[in-house]
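Participant: Below is the sequence, then the predicted model.
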Amino acid sequence: MAAAPARPIRKAVSLATDCSGMETPVMALRNLGVPVKHLFACDVCPRAKATIMANCPPETWYDDLTARDNKAAPAADLYVAGFPCQPFSMMGKQQGFADEKGRGTVFFKVREYIACQKPAAFVLENVSGLMRIDGGRYFRDIMESLEALPGYKVSAQLLNTRDHGVPQNRNRIYFVGIRKACDKGTFEFPEPLPPVSIEPFLEPRRKRPDASALPPKSQSVARSNVVLALKRLKAKGRDPLREPWVIDCDSTQARMSFALDRTPCMTCRRADGHWISNRGRRMNKVEMMRLQGMPTPSEGFKVAVTEVQLGKQIGNAMSCNVLERLFVSLLPAVGLVPQGRLHDRYAAAALAPKAQKCLAAAKGDAAGAVAECQRAGGKGQRQVRQGKRSAGAAGLAASDSAKAPTSKRRR
């Protein structure tokens, strides 16, 4: 007997975003089938505005949140902001709140909006370096500031895009706040999922590339990095023209990295795309969008900027798949969506092969298969902080971007 189709969600969730970028929160909500009342978006970059206006125009647009009167801003159910990461990045000057361009203090305007308009829930995102620079001082300061908001429960967790159904090594800190008056007590950060191959995210390979397939001589840094990476891989007995090694070809030689079957972190400085060894070329923009969990032009996304500008926006965006999995738990936890109505498609895809194995082990007995899966499964997720400062920044920062986040993997 076929399962009854899920009932559509009729009540819209009102959404407000700051530092909106490509507006992946709207993408994630749409992917979940949640109607969105897009109250406002805000970004200082006119090209970000062009992308948002072409794809999900809000009721109100703000060019600069630092000039906005937050007391007069629209009150949203859900507020999402990816406040500037440059002051907290390990690759930058690490100036924190003292950033010479004023980006370090944008967080306090973000907090001001929350204090003034009291959304049912908020999600803030930043780079994992926030946890490490200056001994974790900025992480502690931000947590203390958020925890001081009257009537909110705040938690934070490192989540890596590669652990949530998309093969990109992108470790980010997510702060989640829940207004206590709305709290159902059910929110949990999403469990890490088994790794997936990068191949389905790439355009099909037509033939094995020739060894001479390299970046052009005009791209001397990229060319020398690819040559070096291929040499190192062959020396280790690997076949990079057959295997999908992804090379961060635009980095300095000292920082150059490569990974098998997943991409290194995509950033705005890598707008041209990483090099794919078994394709003999760089990633194209459609592949980059897939590796951020985003819908592509063939799925309705409208490109409103140049190729280079689009690459920068993709690298600067929040991962849509991570937001989607967060919202599956968060929206019902604050009563914005009825319990059991949101579908975690990434978890379902990961569990499908396991379910087949469990069914086989139980010799076709469905009840036995459930029991078999329960014996094989079990949660290993550990939430780093919730409400109280039970673990300091040092404990959270112990896992770097090359390792799993602080939560344990399923076995």
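Facilitator: Happy to help now that I have it.
Participant: What segments of the protein are helices?
Facilitator: 24-31, 46-55, 106-117, 137-147, 220-235, 285-290, 307-316, 320-333, 345-361, 366-376, 393-396 (DSSP state H).
Participant: The stretch 1-150 of the chain: strands as residue ranges?
Facilitator: Using DSSP state E, counting those that start in this stretch, the strands of the stretch 1-150 of the chain run over 13-18, 36-42, 60-62, 78-81, 121-127.
Participant: looking at these, which is buried most?
Facilitator: Most buried of the strands of the stretch 1-150 of the chain by mean neighbour count (mean count of other CB atoms under 10 Å) is strand 78-81; its value is a mean of 27. C-beta: built from backbone N, CA, C; applies to glycine.
Participant: What lies in contact with that one?
Facilitator: 13-19, 25, 110, 113-114, 117, 119-125, 318, 323, 331, 336 (CB atoms under 8 Å, 6 or more residues apart in numbering).
Participant: Quick check: the nearest residue to K71 once chain neighbours are set aside vs E23, distance?
Facilitator: Excluding its sequence neighbours, the residue lying closest to K71 (CB to CB, 6 or more residues apart in numbering) is C116, at 5.2 Å. Per CB to CB, to the nearest Å, C116 is found 22 Å from E23.
Participant: the more surrounded of the two?
Facilitator: Between C116 and E23, counted using other CB atoms under 10 Å, the more crowded position is E23 (26 against 13).
Participant: Counting neighbours, what do you get for R10?
Facilitator: 6.
Participant: got a list of what the closest residue to it other than its chain neighbours touches?
Facilitator: In space, not counting the residues next to it along the chain, R10 is nearest to P35; the distance is 7.1 Å by CB to CB, 6+ apart. Shown in contact with P35 (CB under 8 Å, 6+ apart): 9-13.
Participant: and P35, what pLDDT?
Facilitator: According to the prediction, P35 has pLDDT 98.
Participant: start at 46 instead
Facilitator: Sure, I'll start numbering at 46, so the last one becomes P80.
Participant: circling back to that earlier point, can you list the strands of the stretch 46-195 of the chain in a markdown table and add distance to E332?
Facilitator: Listed next are those as a markdown table, based on distance: least, CB to CB, whole Å:
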| stretch | distance to E332 |
| --- | --- |
| strand 58-63 | 25 |
| strand 81-87 | 26 |
| strand 105-107 | 30 |
| strand 123-126 | 25 |
| strand 166-172 | 23 |
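Participant: Tell me which of the ones you listed sits nearest to R217.
Facilitator: Smallest distance to R217 across those (CB to CB): 5.5 Å, for strand 166-172.
Participant: Name the nearest residue to the residue nearest the centre of the chain, ignoring sequence neighbours.
Facilitator: By CA atoms, centre = their mean, the chain has its centre lying nearest to S364, at 2.6 Å. Leaving aside its chain neighbours, S364 sits nearest to T206 (4.3 Å; criterion: CB to CB, 6+ apart).
Participant: In this structure, where is pLDDT below threshold?
Facilitator: 46-51, 130-149, 399-456 (pLDDT under 70).
Participant: what does the domain assignment say about it?
Facilitator: By the assignment in automatic domain parsing, the chain contains the domains 58-237+363-388+426-441, 244-361, 391-421.
Participant: need the contact list for G66.
Facilitator: By CB under 8 Å, 6+ apart, G66 lies in contact with 88, 93, 127, 358, 361-363.
Participant: got it, and S364?
Facilitator: S364 sits in contact with 69, 206, 209, 211, 213, 215, 217, 337-338, where contact means CB under 8 Å, 6+ apart.
Participant: Phi and psi next, for G127.
Facilitator: phi -110, psi 80 (degrees, to the nearest 10).
Participant: Before I go, just wanted to say thanks for your time.
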